[in-house]
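Asks: Here is my input; please provide its structure:
(chains A, B and C)
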Amino acid sequence: MAIKERLNKASKAKAWYGEMPVESLYTVGIAGEKFFRAIKDEGKFLGTKCKKCSMVYVPPKIYCERCFEKLDEYIEVAECGSLESFTCVHIGLDGNRLPAPIIVGLINLDGASTCIIHKLGETTVEELCMGMRVCAVFKPKNKREGAITDILYFKPTKQ
Amino acid sequence: MGNRVAIVGAGMTKFVRRAQETGKELSYHAAKMALESCGMTLDQIDAVVLGTAPDTFDGVHMKGEYLSDGAGAWGKPYMRSYVGGGTGVFSVAQGWYHIASGLIDTCLVVCEEKMSSYQPHAQAAFLTIFDHTTERPLKPNLLWIFALEMNRYMNTYGLRKEDIALVAVKNKNNALDHPCAQIAKAVTVKDILNSEVLAWPVQRLDVSPVSDGAVALILTNETIAHRVTNKPVWVEGVGWALDTSYWTNRDLCYPRYVEEAARMAYKMAGITDPRHQIHVAEPYDPFDYKELHHMEGLMLCGKGEAPQLTVDGVTQRDGELPTCPSGGLLGVGNPIAAAGLMKVAELFWQLRGEAGKRQIARKPKRGVAQAWGDLMQVGTVVVVGI
Amino acid sequence: MKKSNIKNQSSSEGREVRIEHKKSLSPHYSLLTTKFQGVGLSDDDIKKGKVCTTHWIGDTKYAWDQGIAIGKYLEGLKHGKILGVECHKCGRKMVPPRMFCEWCFKTIDGWVELFDTGVVNTFSLCYVTWDVKRVKEPQIPAVIEIDGASKGMGIMHLLGEVNPKKVYIGMKVKAVWKSEKEREGAITDILYWKPIK
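Replies: Below is the predicted model of the structure:
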């Protein structure tokens, strides 16, 4: 049976406006605590190693997602690694053009089996290529909070 | 109906107000413990079902997918279960039909909730449960739902707060024997009646807390169950039913959707006289009156009769029909989805004689767990037996 | 299930693992001695920065289409009327209105004008706001069965101009409307419901 009433003019369609208030305070977790403390206090990256699967997870996890073993061996991985992928973003979350484009990349730090995502700085997208060496640039120690933004960006390096 | 399905292992985390662990880590702890409890490993699990309630709590979009690796689902068929508070028990039904269909042999069922991330208080996240146009402009809050239902229930059957408070006393005291309990306390009826009035007739000690926690069960088919354990607990019946979301068009004094779900589960389990054929019950008790409301919906007694059973001591651990021997949500805690699964885990341990200090002496052979959720809408029921 | 010919690194090989009979069923495992995981944090731990946290504020805005039924309902409220719908198959007169009867699963057969009086089906005295602040004077939410609709057909709203101690289930109430100028086509065009003497 058809709906008997229809709106023929889009201008007559009415909407009710509202918001969904969402504010979150996340704990970083047991593994996250070690990871972010190491960034904050020592300017270094930690991962956890699964010997069975030969995987090094960065950011670290307390479990191996493949074999489900408990991981409690934290090892240091390098501040530098290879650029596995990258892109240049021109449009913001609100759909408007950004004042300046942002370059984002997937970085495989030396010693890690996984990638992390972060911004790329002190470079242009034309200079970048897959597999090139990049290194982390940290905030000065007194400005670090124990967050992913303690790393300002990754920059290309000859190292 | 289909292949026989058994629960062979169970695990859970402590229920706490705010866990340091992330949702993934909570899921891992529960899932790992469940596997270790029956000597199984993740590669022996064919599929994973994860139950978790609103994405808003964790502030993570597609929360089911986000938590999947912590629940052991990497590279496996995976399904997220979500019917509000009914999720915990419904996830067992989902795990059941994976195996009953013959498609899957072993299924890991995990339920997780991390409500503490939501600011200022997880209760505020429930604002969006109300209709955005006809209800939210009145600035309602979660307590209204329960208070309106509790008032209607009390008024219809002429109940007093003293009768209902006995449930909170029983469950909070029972929870003193649960190693994972968040708010176990030796309280009295007087304590309940003197506690702060939040939304009359609901008072502070009538309510379960906001919690973080996770629970996991291992389900297998019959052949594997006998290889893994000498005490499999069989899933004998499952049922679920949803009432209309026009909750203001329903009489709130009786949860007919719980009755419909119970009928479905009892029919499958061959139960014709629930009051005597069920030996232990874990109805959903986020508020004390809800245990009574749900006992009636589960047809464990007539309408309006549940308070009398409580007063007579029938629902105590040494009574004829122990109800919420775990301590329930009122005593152990209420991480929304995990709470329902905690009840099924309790039945698992009770039927196997592994519930420690909470053990019911009468050697129960059959139990029913039930959960409830949404805007007073969903009833989910599971009957287990040994 | 037919085994795939595609070689990849998935864990499907793992699922072929046989589950052998156990010689002894995990005797070393005992629920009574097992250590339950979970590290509880207090408000103080968070405030004092004992653990790292991340703060995020979401920005979610909506323009919900009112739809045919609620659109007309709100239009009715703007004109000081409460509208409902009827289904001739089950005979119900329903409010809030909807375009299809959810019992009979067919489109509704017409609109009806209901009264702006009703009976309190249930109520509460709420001393806590939605964002967990305490108030001295309670809000009185209620489900009000609207006169003219079928029995049990209610809407949620607030009671006002009444002593909280004198509210009871079965009390007759009438809507108190905003002035015509102030009405905008919203549920709040009714300020509250007060008892009819």
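
Asks: Quick check, pLDDT for residue B:129.
Replies: Turning to residue B:129, the model gives it a pLDDT of 87.

Asks: Look up how far chain A lies from the residue lying closest to it once chain neighbours are set aside.
Replies: The spatial neighbour of residue B:129 that comes closest, neighbours along the chain excluded (C-beta to C-beta, 6 or more residues apart in numbering or on different chains), is residue B:375 at 5.5 Å. (C-beta placed from N, C-alpha, C; glycine too.) Distance from residue B:375 to chain A, counting by C-beta to the nearest C-beta, to the nearest Å: 16 Å.

Asks: got any ranges where the stretch 1-150 of chain B has weak pLDDT?
Replies: Counting by pLDDT under 70, the stretch 1-150 of chain B has no low-confidence residues at all.

Asks: how about 90 then?
Replies: Along the stretch 1-150 of chain B, the parts satisfying pLDDT under 90 run over B:1-2, B:53-62, B:119-129, B:139, B:141-142, B:145.

Asks: Quickly note the distance from the residue nearest the centre of chain C to residue C:167.
Replies: To find the centre residue of chain C, average its C-alpha atoms and take the closest one (C-alpha atoms, centre = their mean): that gives residue C:156, at 10.4 Å. Relative to residue C:167, residue C:156 is positioned 15 Å away (criterion: C-beta to C-beta, to the nearest Å).

Asks: which residues in chain C form strands?
Replies: For chain C, applying DSSP state E gives strands covering C:53-57, C:61-65, C:82-86, C:93-94, C:100-101, C:106-107, C:110-114, C:117-123, C:125-128, C:134-139, C:141-146, C:154-158, C:172-177, C:190-195.

Asks: Minimum distance to residue B:61: which of these has it?
Replies: Closest to residue B:61 of these is strand C:53-57 (C-beta to C-beta; 12.0 Å).

Asks: quick one, helices of chain A?
Replies: Per DSSP state H, chain A has helices spanning A:29-42. These are given in chain order.

Asks: tell me the contacts of the most centrally placed residue in it?
Replies: Chain A has residue A:117 as the residue nearest its centroid, 3.6 Å off, counting by C-alpha atoms, centre = their mean. By C-beta atoms under 8 Å, 6 or more residues apart in numbering or on different chains, residue A:117 lies in contact with A:104, A:105, A:106, A:107.

Asks: same thing but at 6 Å, please
Replies: Under the criterion of C-beta atoms under 6 Å, 6 or more residues apart in numbering or on different chains, the neighbours of residue A:117 are residue A:106.

Asks: Any idea what it is bridged to?
Replies: Partner residues in beta bridges with residue A:117: residue A:106, with DSSP bridges as the criterion.

Asks: Show the low-confidence segments of the chain, by residue range.
Replies: Since no chain was named, I'll use chain A. A:1-23, A:93-95, A:158-159.

Asks: Sorry, I should have been clearer: chain C.
Replies: Low-confidence segments of chain C (pLDDT under 90): C:1-35, C:43, C:47, C:49, C:57-63, C:65-67, C:129-133, C:197.

Asks: Show me the contact partners of the longest helix along it.
Replies: Longest helix in chain C by number of residues (criterion: DSSP H): helix C:67-78. Under the contact criterion C-beta under 6 Å, 6+ apart, helix C:67-78 has outside partners A:5, A:14, B:133, C:83, C:97, C:98, C:99, C:183, C:185, C:189.

Asks: can you list these in TSV and add neighbour count and distance to residue B:74?
Replies: Formatted as TSV, the entries for the contacts of helix C:67-78 read as follows, by neighbours: other C-beta atoms under 10 Å in any protein chain shown; distance: C-beta to C-beta, whole Å:
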residue	neighbour count	distance to residue B:74
A:5	13	50
A:14	17	47
B:133	23	42
C:83	19	53
C:97	25	48
C:98	20	44
C:99	15	44
C:183	17	56
C:185	16	51
C:189	21	53
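
Asks: all strands of the chain, in order?
Replies: Answering for chain A, as no chain was given. Counting by DSSP E, the strands of chain A are A:15-19, A:23-27, A:45-50, A:55-57, A:74-77, A:80-91, A:97-109, A:116-120, A:133-138, A:151-156.

Asks: should've been chain B
Replies: Along chain B, counting by DSSP E, strands occupy B:5-12, B:47-51, B:78-81, B:106-114, B:118-119, B:197-200, B:202-203, B:212-221, B:233-242, B:280-282, B:366-373, B:378-385.

Asks: closest to chain C out of these?
Replies: Each of the strands of chain B was scored for nearness to chain C using C-beta to the nearest C-beta, and the closest is strand B:197-200 (3.8 Å).

Asks: Could you tell me how far the closest one lies from the centre of the chain?
Replies: Here the centre of strand B:197-200 is set off from its chain's centre by 24 Å, with C-alpha atoms, centre = their mean, to the nearest Å.

Asks: Stretch B:231-246 too?
Replies: Stretch B:231-246 has its average C-alpha position 11 Å from the chain's average C-alpha position, going by C-alpha atoms, centre = their mean.
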